[in-house]
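Participant: I would like the atomic coordinates for the input below:
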Amino acid sequence: MSLPAFVREPSPFEVLAPDGSPYHFPFLGGFNVPRPQLVDIDGDGDLDLFVQEAAGELLLFERLEGPEIRFAWRADRYEDLDVGEWYRFADLDDDGDLDLLAEAKYSMIQAWENRGADGTPPFVSVADTLRDEQGRAIFSDRQNIPNVVDFDCDGLLDLMLGRLDGSVTRYEATAPWSGEGAPGFAFVTDNFQGISIVAQITPSSRHGANTLVFADLDGDGDKDLIWGDWFEPGLLLLENNGTCESPGFSNTPVPWPVGEPIATSGYNAPTFGDVDGDGDLDAIVGVLGGAYNPITTAADNLYLLEQEPSGWRLVTERLIDQLDVGAESVPAVGDLDGDGDLDVLLANKIDPASQRTARIYRLENTGTSERPAFRMREGLEEVAGEFHYAPTLADVDGDGDLDLVVGSWNEGVLLFRNDGDARTPRFVRASEPLVDLPRGSHASPALGDLDGDGDLDLVAGESSGEVNAWRNDGTRSAPEYALVTEALLGIDVGRRSAPAIADLDGDGILDLVIGAEGGEAHVLRGMGGGVDRFQPGGTLALPGISAPAFADLDGDGDPDLLVGEIAGGLRWYENSGSRQ
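Facilitator: Below is the predicted model of the structure:
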């Protein structure tokens, strides 16, 4: 099967938030666990922003010139570097550019040297496992984010590792690294300055997953320690009461910012730098979600705090502004208001605002069929009470308007009939599910005339990774669904199958694309004449827990691709018209 080439674009057209402000990166995909770091990666004198959302992937946002804090998206997988679960840029060889440490498999540490020039760094792997002076592998718990910094001003970098018991392990460079071979570190202590972070929930217990950052927050010339933790709703400051050459960290951590600390769902990852160019440090904090209900920060989780004469001020909780409805988003597309252009629905797993139900949000197309523009509207209040919504739109009863079919976590596939009309829909839940899954949970439906008899057949993904298929043995206006198979073609995508139906190759026969928890979507080419007549047609690389939907949003005659994903946002891939 010859697949179209789908090209990712985070900002293809205007999308407005409910308050009318524009999203600068509407189709970026969302953040759940953003791990930020500020560095001048291109050598232009300002701080760019890296964000790790998924394991092994680094997003790069370039700082744009001007007094306003603005970034431009540059890459999803910067330099194709596989950084595991954490990363730290630092000038390991003191040559003026940034090298990289990151997590390798099984919580080891890998290293890359920056051998580029003129702000275009190609990174070369110099060690897949850092070792100490005795040749022992240096172990860093993968759920902790360490730091590498010369905190004692002796010209040698210190590798500081937070441990699960709330202590800090210190390694120090054995000598200035020349860039040849691997950087060398010597073990110093497992109990750095007696630091012991104790949990707030049960005073006798130690902390868990943590982050370490060193920065001179009080401007006294030495570096203080800022600790984020699974059991800490904000950040903890351990002030350096010594000097740069002879540091001494307080053993009494205080919530930061002092006097007005941030409070989140826990496990916070900070980075410090002069973001606004006024000569002092600012902070960007990624909220990874810890012991205090991560659902609440599933959408608003990348904080910017600016330092002002009066103290630290929280500027925004969503520095990289984008469509984000929480976690495990699923899109659906259709002309909901009968104005000739396509609108979008976007559902989630659990709504961060209510935390008692999933929600389906509506994106009204305020543009045209050729030049779409969207504005986020209120959620569909008539759909509430279940979790893990997976919507699709189709005229199930053949009355000329779109009905709403919704997969759910444990209630099967629900039908909401449109008792309004094509211009003013009013969705009313049917008394019985459209179908029940034969087994499993997380129903994810799609409808289309797969056997060519003029009515809508049904397929549905589920938690197991297989795909169920039902043939419509009724009529266009009175469907009756008969289960044909619980495992279409024996396909198993691993977990969380999410099918979408579209004619991808332009042969007039509907094809099937099946999203998956692992991200790689399976493509099945439709052969026509039956709901189970498909053959393998390749794969598409998509994000984790991908939920695809196809629609010609830009009116150029071919189906483009919208994808919901684990992080709760929405991705747009334009159909370039060329074939892979």
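Participant: mind checking which helix or strand of this protein has the lowest mean pLDDT?
Facilitator: Ranking every helix and strand in the chain by mean pLDDT, DSSP states H and E puts strand 570-579 at the bottom, with a mean of 86.
Participant: contacts for that strand?
Facilitator: Contact with strand 570-579 is made by 2-10, 12, 26-30, 323, 329, 331, 344, 346, 542-543, 553-554, 556, 558-565, as judged by Cβ atoms under 8 Å, 6 or more residues apart in numbering. C-beta: built from backbone N, CA, C; applies to glycine.
Participant: packing partners of whichever helix or strand residue 237 is part of?
Facilitator: For residue 237, the element it lies in under DSSP states H and E is strand 235-238. In this structure, strand 235-238 makes packing contacts with strand 224-229, strand 254-256, judged by 3 or more Cβ pairs under 8 Å, 6 or more residues apart in numbering; DSSP states H and E.
Participant: mind giving me the packing neighbours of the helix or strand just after the last one?
Facilitator: In the C-terminal direction, the helix or strand that comes right after strand 254-256 (DSSP H and E) is strand 268-273. The contact analysis (3+ Cβ pairs under 8 Å, 6+ apart) places strand 268-273 against strand 35-39, strand 210-215, strand 224-229, strand 282-287.
Participant: how about the strands of the stretch 351-500 of the chain, start to end?
Facilitator: Using DSSP state E, counting those that start in this stretch, the strands found in the stretch 351-500 of the chain span residues 360-365, 374-379, 390-394, 403-407, 413-418, 427-429, 444-448, 457-461, 467-472, 481-485, 498-502.
Participant: residue ranges with poor pLDDT in the stretch 1-150 of the chain?
Facilitator: Applying pLDDT under 70 to the stretch 1-150 of the chain flags residues 1, 118.
Participant: helices of that one, residue ranges please.
Facilitator: Secondary structure of the stretch 1-150 of the chain by DSSP state H, counting those that start in this stretch: no helices are present.
Participant: which residues of the chain score low on pLDDT?
Facilitator: Ranges of the chain meeting pLDDT under 70: 1, 118, 199-207, 578-580.
Participant: I figured residue 371 hits residue 13, correct?
Facilitator: Yes - contact criterion Cβ atoms under 8 Å: residue 371 and residue 13 qualify, at 7.2 Å.
Participant: more neighbours: which of these two?
Facilitator: Between residue 371 and residue 13, residue 13 has the larger neighbour count (other Cβ atoms under 10 Å), namely 16 against 12.
Participant: ok, the more buried one - contacts?
Facilitator: Residue 13 neighbours (Cβ under 8 Å, 6+ apart): 367, 371, 372, 373, 374, 554.
Participant: again with residue 55
Facilitator: 84, 85.
Participant: hmm, back to that, deepest of the helices and strands packed on strand 235-238, which one?
Facilitator: Comparing the helices and strands packed on strand 235-238 by mean neighbour count (mean count of other Cβ atoms under 10 Å), strand 224-229 ranks first with a mean of 25.
Participant: how close does residue 311 sit to residue 522?
Facilitator: As for residue 311, its distance to residue 522 is 53 Å (criterion: Cβ to Cβ, to the nearest Å).
Participant: more neighbours: which of these two?
Facilitator: Counting neighbours by other Cβ under 10 Å for residue 311 and for residue 522 shows that residue 522 has the greater number, 23 against 11.
Participant: residue contacts, that one?
Facilitator: Applying Cβ under 8 Å, 6+ apart, the residues contacting residue 522 are 491, 493, 513, 514, 516, 536, 539.
Participant: restricted to strands, list those residues.
Facilitator: Counting by DSSP state E, the contacts of residue 522 place 513, 514, 536, 539 in strands.
Participant: how about the contacts of residue 13 in CSV, adding distance to residue 443?
Facilitator: Output for those, formatted as CSV (distance: Cβ to Cβ, whole Å):
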residue, distance to residue 443
367, 32
371, 35
372, 29
373, 32
374, 27
554, 30
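Participant: and of those, the nearest to residue 404?
Facilitator: Comparing the contacts of residue 13 against residue 404 with Cβ to Cβ places residue 374 closest, at 18.6 Å.
Participant: count the residues that sit near that closest one.
Facilitator: The number of residues packed near residue 374 is 23, by other Cβ under 10 Å.
Participant: and if you look at residue 165?
Facilitator: 14.
Participant: confirm it sits in a strand?
Facilitator: No - counting by DSSP: H, G, I helix; E, B strand; the rest coil, residue 165 is not found in a strand; it is coil.
Participant: any idea how far residue 138 is from it?
Facilitator: With Cβ to Cβ as the criterion, residue 165 and residue 138 are 18 Å apart.
Participant: returning to what we had before: nearest to residue 107, of the contacts of residue 13?
Facilitator: Looking across the contacts of residue 13 and measuring by Cβ to Cβ, the closest to residue 107 is residue 374, at 42.7 Å.
Participant: spit out the contact partners of the closest one.
Facilitator: Taking Cβ under 8 Å, 6+ apart, one finds 13, 14, 15, 16, 26, 343, 344, 363, 364, 365, 366, 367 in contact with residue 374.
Participant: just the buried residues of those residues.
Facilitator: 13, 15, 16, 26, 343, 344, 363, 364, 365, 367 (16 or more other Cβ atoms under 10 Å).
Participant: not counting its neighbours along the chain, what's nearest the second one?
Facilitator: If the residues on either side of it in the chain are set aside, residue 15 comes closest to residue 26, at 3.6 Å by Cβ to Cβ, 6 or more residues apart in numbering.
Participant: what's the spacing between the one you found and residue 363?
Facilitator: 9 Å.
Participant: quick one: contacts for residue 258?
Facilitator: residue 237.
Participant: cool, residue 352 as well?
Facilitator: 295, 296, 297, 298, 299, 300, 325, 326.
Participant: mind doing that once more with 7 Å?
Facilitator: 295, 296, 298, 299, 326 (Cβ atoms under 7 Å, 6 or more residues apart in numbering).
Participant: now residue 372
Facilitator: Residue 372 touches 13, 341, 365, 553, 554, counting by Cβ under 7 Å, 6+ apart.
Participant: correct me, but residue 451 touches residue 532?
Facilitator: No - checked against Cβ atoms under 7 Å, the pair residue 451 and residue 532 is beyond contact range at 9.2 Å.
Participant: thinking again about what came up before, now the phi/psi pair for the residue nearest to residue 15, please.
Facilitator: phi -60, psi -40 (degrees, to the nearest 10).
Participant: residue 524 pairs with what?
Facilitator: residue 512, residue 536 (DSSP bridges).
Participant: now render the helices and strands packed on strand 235-238 as CSV, adding distance to residue 82.
Facilitator: Converted to CSV, the helices and strands packed on strand 235-238 look like this (distance: least, Cβ to Cβ, whole Å):
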stretch, distance to residue 82
strand 224-229, 24
strand 254-256, 32
